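[1] Here's a sequence, model it:
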Amino acid sequence: MEENRIDKLVGIFDSGIGGLSVVREIQTMIPFQPLYYIADQAHVPYGKRDLTEIRDFSFAITDFLIEKGAELIVVACNTASAAALKELREAYPSLTFVGMEPAVKPATEKTHNGVVGVLATPATFQGKLYHTLVERFAQDVKILTHTCPGLVEAIELGDIHSSNTRLILKQALLPMLEKGADTIVLGCTHFPFIIPIIRDIVGPNISVIDPAPAIAKRVGYLLNKKELINGYVQTMQNTFSTTGNHNRFKQALHTLLGIEVVPVSLKWDHLKLIPA
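    Numbers count the residues shown, from 1 in each chain. Next up, the predicted model:
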């Protein structure tokens with residue numbers, strides 16, 4: 001794949017469409033930067049999987065993005081970041097990684113009454129990263145958690161405005177509100193796409209923290225620091241790929257990002273990612 005290498009490429013991956021919330025912010029802040037996005041929808045959701053399995057997927061996807069020329073990789077998945085980010089940085093010391101972490105620190109600074117709700121997957125809550133954040137920044141804060149079973153799957157299917165999605169959110173959020181939560185942390189990149197529904201449930205006085213803008217800002221900072229910013233208008237189209245249903249992913253790109261592109265189909269050959 002050497003002939004397909006792209007200069008100053010930013011690789012981005014997630015288990016599915018959630019990482020597109022990060023892509024949306026990066027494209028707003030750094031519109032000319034070439035991006036290669038991988039949605040590993042063959043294995044979505046990562047949140048229910050074993051951390052070792054997620055780590056294997058993350059390494060294989062990283063290898064594929066390196067072959068494409070990626071010089072900075074965004075692990076746009078809280079679950080994959082919890083499972084593999086530390087190991088990826090150790091294994092590829094010359095490569096720059098930006099990972100996701102539940103915005104516990106900003107939430108502790110935002111809350112007025114010291115009660116914070118965190119929505120994330122089981123694997124994220126099991127990871128060392130989450131527990132380290134709580135130990136460092138939330139000693140004096142009450143943290144309420146919920147894994148929102150079925151929510152990632154509903155968003156993947158495009159059921160963003162369905163009664164089922166609203167029910168899942170109510171079951172997660174209303175008990176948090178009853179216990180006094182005044183700040184809600186979105187600990188999964190899928191969740192920013194349902195912020196309007198979350199705000200409708202929690203009301204205008206509850207803070208909802210979306211980490212995607214901060215991640216995009218971090219990407220821009222690191223690209224500038226490493227002199228990788230692409231400052232000219234590109235004629236090349238960004239690449240969006242999936243290991244899952246090609247047509248469903250194409251529709252998601254239209255619905256969530258408002259773009260019309262033909263996604264690249266990828267497939268798994270044991271633990272190697274290859275063109276379909």
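
[2] Helix or strand next in line after the helix or strand containing Ile184, which one?
    Ile184 belongs to strand 183-186 when elements are defined using DSSP states H and E. Under the assignment DSSP H and E, the closest C-terminal helix or strand after strand 183-186 is helix 195-202.

[3] which strands and helices sit next to that next one?
    Helix 195-202 is packed against helix 163-178, strand 183-186, strand 207-209, with contacts defined by 3 or more C-beta pairs under 8 Å, 6 or more residues apart in numbering; DSSP states H and E. In short, each C-beta sits where N, CA and C put it, glycine included.

[4] just the angle between it and helix 163-178, please?
    Relative orientation of helix 195-202 and helix 163-178, computed by axes from the mean of the first three to the mean of the last three C-alpha atoms, to 10 degrees: 50 degrees.

[5] and helix 195-202, what's its mean pLDDT?
    Confidence for helix 195-202, expressed as mean pLDDT, is 98.

[6] buried ones in that helix?
    By neighbour count with 16 or more other C-beta atoms under 10 Å, helix 195-202 contains the buried residues Ile197, Ile198, Ile201, Val202.

[7] Could you list the paired strands of the strand holding Ile184 along with their orientation?
    Partners of strand 183-186 in the sheet, by DSSP bridges, are strand 115-119 (parallel), strand 207-209 (parallel).

[8] For Val262, which of the ones you listed is the nearest?
    For these, proximity to Val262 was assessed by C-beta to C-beta; strand 115-119 is nearest, at 33.1 Å.

[9] can I get the CA coordinates of that closest one in CSV?
    Presented in CSV, the C-alpha positions along strand 115-119 are these (Å, rounded to 0.1, in the frame of the first residue of the first chain):
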residue,chain,number,x,y,z
VAL,A,115,-22.5,15.5,41.9
VAL,A,116,-21.5,14.3,38.4
GLY,A,117,-23.1,11.7,36.1
VAL,A,118,-21.0,9.8,33.6
LEU,A,119,-22.4,7.8,30.7
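
[10] quick one: contacts of that strand?
    102, 104, 107-108, 138, 141-148, 151, 172-173, 176, 179-188, 191 (C-beta atoms under 8 Å, 6 or more residues apart in numbering).

[11] Swap in 7 Å and give it another go.
    For strand 115-119, contacts defined as C-beta atoms under 7 Å, 6 or more residues apart in numbering pick out 102, 107-108, 141-146, 148, 172, 176, 179-188, 191.

[12] one step back: can you pull the buried residues of the strand holding Ile184?
    Neighbour-count burial for strand 183-186 flags Thr183, Ile184, Val185, Leu186 (criterion: 16+ other C-beta under 10 Å).

[13] Now it - C-alpha only, CSV.
    The C-alpha coordinates for strand 183-186 follow below in CSV (Å, rounded to 0.1, in the frame of the first residue of the first chain):
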residue,chain,number,x,y,z
THR,A,183,-23.2,17.8,35.2
ILE,A,184,-23.4,15.0,32.7
VAL,A,185,-20.2,13.6,31.1
LEU,A,186,-20.5,11.9,27.7
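
[14] for that strand, the distance to its chain's centre please.
    Distance of strand 183-186 from the chain centroid (C-alpha atoms, centre = their mean, to the nearest Å) equals 15 Å.

[15] cool, and stretch 207-226?
    Centroid separation between stretch 207-226 and its chain, computed with C-alpha atoms, centre = their mean, is 12 Å.

[16] what does stretch 110-124 give?
    That offset, for stretch 110-124, works out to 17 Å (C-alpha atoms, centre = their mean).

[17] pLDDT averaged over it - what is it?
    For stretch 110-124, the mean confidence score works out to 96.

[18] and this protein, what are its domains?
    Recorded structural domains for the chain (assignment: automatic domain parsing) are 2-100+213-275, 104-210.

[19] Count the neighbours of the closest residue to Arg5 other than its chain neighbours for me.
    Residue nearest to Arg5 in three dimensions, not counting chain neighbours: Gly69, with 3.6 Å by C-beta to C-beta, 6 or more residues apart in numbering. By the criterion of other C-beta atoms under 10 Å, Gly69 has 17 neighbours.

[20] show me what contacts Gly69?
    By C-beta under 7 Å, 6+ apart, the neighbours of Gly69 are Arg5, Ile6, Asp7, Leu9.

[21] And the third one, how close does it get to Ile209?
    Counting by C-beta to C-beta, to the nearest Å, the gap from Asp7 to Ile209 is 34 Å.
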